[in-house]
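Q: What shape does this take:
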Amino acid sequence: MLLKGIIATVSLILGLSCFHVASETNNVTLLLKWTHQFQFSGYYMAQEKGFYEEAGLTVSIVPAIKSDPDTFNKVLGGQAHFGVGHSGILQQRINGKPLVAMASILQFSPYCWMVKQSSDIFHPHDFQNKRISSISTQESAELLVMLEQSGIDTKLLPVYHGIDAEEEWLNGELDAIQVYVTNEPFQMLQKGIEHRLICPQKYGINVYSDVLYTTQSVLAENPKMVEKFYKASLKGWRYAMMHLEESIAVTAEKYATHKSINELTNEAEVLRDYILPPDTKLGAMSMPKWRLIADLYQLEEGSFDNVKAGFIYRNDVPEEMELSWMLIAAIVLSILFLPLYIRLMFKKSV
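A: The predicted structure is shown next:
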C-alpha cells in the first residue's frame with residue numbers, strides 16, 4: 001500500500017508539473033537591431049538548443065529592416081516584447097520612454113573610425129579639419145565624444161551626408177568613416193585595402209552596446225515571462241561562447257545565410273573579447289558605468305538620478321536556485337521513502 005501511494009503521489013506531481021509547463025507557454029517576439037549575423041548568435045542558440053522551449057516560450061527572432069533599424073519605437077509600440085538596442089537607451093529613458101535595460105551583451109562599443117593605412121590620422125586629435133562620414137548621435141555618439149575629448153570641435157568638421165560613404169572613402173574624398181568593428185574592416189582586408197581603426201575603447205570611452213531590453217509595461221504584466229526569457233537568452237549566449245564552431249555553423253545555415261563562414265568566423269573571434277572580457281560576467285551592467293555613460297553624453301546628473309530606479313532589470317531569483325519538476329520529484333521521493341527506510345533499518349537492527 002505504501003509503495004502504491006508513493007507511485008500515485010509521484011505520478012500526480014509529474015502530471016501537474018507537465019501541465020504547469022504547458023500552460024505557461026508564451027508567444028514572445030525579439031527584435032534585433034540589425035540583420036542576422038553572429039552578433040546575435042546567443043539568441044539563435046537559445047532557440048536551436050531548445051532553451052526557450054524548455055522555459056515554456058515560443059520565440060520569434062525578427063531581424064531589423066536596414067532602412068529603419070531603430071528598435072526603441074517599435075518595442076514601445078508593442079511590435080515586440082524585447083529588443084536589442086544601444087547605449088542610447090539611457091537617453092530614451094531620460095526622455096520619458098519606459099524602457100528597462102536587461103543585459104549588455106557587448107561591454108564595449110563596436111563602432112570605430114576607419115582610416116587608410118596611408119592616412120596621417122593616428123589619434124583622435126589628428127581629426128582636425130578631416131572629412132568624416134555622418135554618424136548617428138543616438139547610436140554611436142561615442143565616436144564624436146572621443147574626438148571632442150581630444151579637443152576637436154566636431155561641429156566644424158566637414159561631414160559627408162551622401163548615400164555611399166564607403167565609396168567616397170575609397171575614392172579619397174573622405175578621410176574617415178564610421179564602421180562596425182566586425183564588418184567593414186574585414187571586407188577591406190578581403191579587398192586588400194590596408195587600414196587602421198581609431199576606436200573609443202582604446203581611449204577609455206567604454207559604453208555598453210547590444211543591450212537587451214524590454215518595457216516597464218511588459219515587465220509589470222508578465223514578470224515571470226520576462227524572467228524566463230532573460231535566463232534562457234543568457235543560457236544561449238553562454239552556450240554560443242563555449243561552442244563557437246557550432247554556433248557559427250548554425251548561424252550560417254539557418255540565419256545569416258547571406259554571409260560566408262569566413263565572415264562569421266571573423267565576427268565571432270572579434271566579438272568574443274567584447275562579450276566576455278576578462279573578469280566580466282556575461283551580460284553584466286552596473287549603475288556606476290551607466291553614470292559614466294551619462295557623463296560622457298553630457299546628460300544632466302539630476303536627470304539621470306530621476307530615472308535610475310528601475311532602469312536596470314533585477315533578476316531576484318538566482319538561476320541556480322530554481323527548482324525544476326525533476327528536482328521537486330526527487331525531493332518528494334526522498335521524503336516519502338524516508339519512513340520506509342528508517343523502518344527497514346530498525347527491523348534489520350532488531
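
Q: Check which helices and strands the host helix or strand of residue 302 sits against.
A: Assessed by DSSP states H and E, residue 302 sits inside helix 301-307. Helices and strands touching helix 301-307, by 3 or more Cβ pairs under 8 Å, 6 or more residues apart in numbering; DSSP states H and E, are helix 89-94, helix 287-296. C-beta: built from backbone N, CA, C; applies to glycine.

Q: among these, which is nearest residue 219?
A: helix 89-94 (13.5 Å; Cβ to Cβ).

Q: what about the helix or strand just after the closest one, distance to the chain center?
A: Using DSSP H and E, the helix or strand that follows helix 89-94 in sequence is strand 99-106. Centroid separation for strand 99-106 versus its chain: 6 Å, with Cα atoms, centre = their mean, to the nearest Å.

Q: How about residues contacting the helix holding residue 302?
A: Helix 301-307 has contacts (Cβ atoms under 8 Å, 6 or more residues apart in numbering) with 90, 93-94, 290-291, 294.

Q: any idea which of the helices and strands packed on helix 301-307 is most buried?
A: Scoring the helices and strands packed on helix 301-307 by mean neighbour count under mean count of other Cβ atoms under 10 Å gives helix 89-94 as the most buried, with a mean of 21.

Q: Report the mean confidence score over it.
A: Across helix 89-94, pLDDT averages out at 94.

Q: and if you look at stretch 41-51?
A: Mean pLDDT, stretch 41-51: 98.

Q: hmm, back to that, export the helices and strands packed on helix 301-307 as TSV, with columns for distance to residue 55.
A: Formatted as TSV, these follow (distance: least, Cβ to Cβ, whole Å):
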stretch	distance to residue 55
helix 89-94	24
helix 287-296	27
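
Q: Which one of the ones you listed lies nearest to residue 153?
A: Among those, helix 287-296 sits nearest to residue 153 (Cβ to Cβ), with 17.2 Å.

Q: the strands in the stretch 151-300 of the chain, which residues?
A: Secondary structure of the stretch 151-300 of the chain by DSSP state E, counting those that start in this stretch: the strands cover 159-160, 177-180, 195-198, 209-215.

Q: helices and strands around the second one, which ones?
A: In other words, strand 177-180. Contact partners of strand 177-180 among helices and strands, from 3+ Cβ pairs under 8 Å, 6+ apart: strand 111-116, strand 132-133, helix 165-170.

Q: Try it again at 10 Å.
A: For strand 177-180, the packing partners by 3 or more Cβ pairs under 10 Å, 6 or more residues apart in numbering; DSSP states H and E come out as strand 111-116, strand 132-133, helix 142-149, helix 165-170, helix 184-191, strand 195-198.

Q: How about residues contacting the fourth one?
A: Residues from elsewhere that reach helix 165-170 (Cβ atoms under 10 Å, 6 or more residues apart in numbering): 114-116, 131-135, 159-160, 162, 164, 173-179, 184, 187-188, 191, 193, 195.

Q: ok, 6 Å please
A: With Cβ atoms under 6 Å, 6 or more residues apart in numbering as the test, helix 165-170 has contacts from 133, 160, 174, 177.

Q: Can you name the residues that contact the third one?
A: Contact criterion Cβ under 6 Å, 6+ apart gives 131, 160, 168 as the residues in contact with residue 174.

Q: Lowest-confidence entry in these?
A: residue 160 (89).

Q: Closest one of the contacts of residue 174 to residue 75?
A: Nearest to residue 75 among the contacts of residue 174, with distances taken as Cβ to Cβ, is residue 160, at 30.9 Å.

Q: If I follow the layout properly, the closest one ends up in contact with residue 132?
A: No - between residue 160 and residue 132 there is no contact under Cβ atoms under 6 Å: 7.1 Å.

Q: quick one, which of those two is more surrounded?
A: residue 132 (23 against 17; other Cβ atoms under 10 Å).

Q: which residue sits closest to that one in space, ignoring its chain neighbours?
A: In space, and not counting its chain neighbours, residue 132 is closest to residue 176: 5.0 Å by Cβ to Cβ, 6 or more residues apart in numbering.

Q: how far away is the one you found from residue 218?
A: Going from residue 176 to residue 218 by Cβ to Cβ, to the nearest Å gives 40 Å.

Q: where's the residue nearest to residue 132 relative to residue 160, distance?
A: From residue 176 to residue 160 the distance is 10 Å (Cβ to Cβ).
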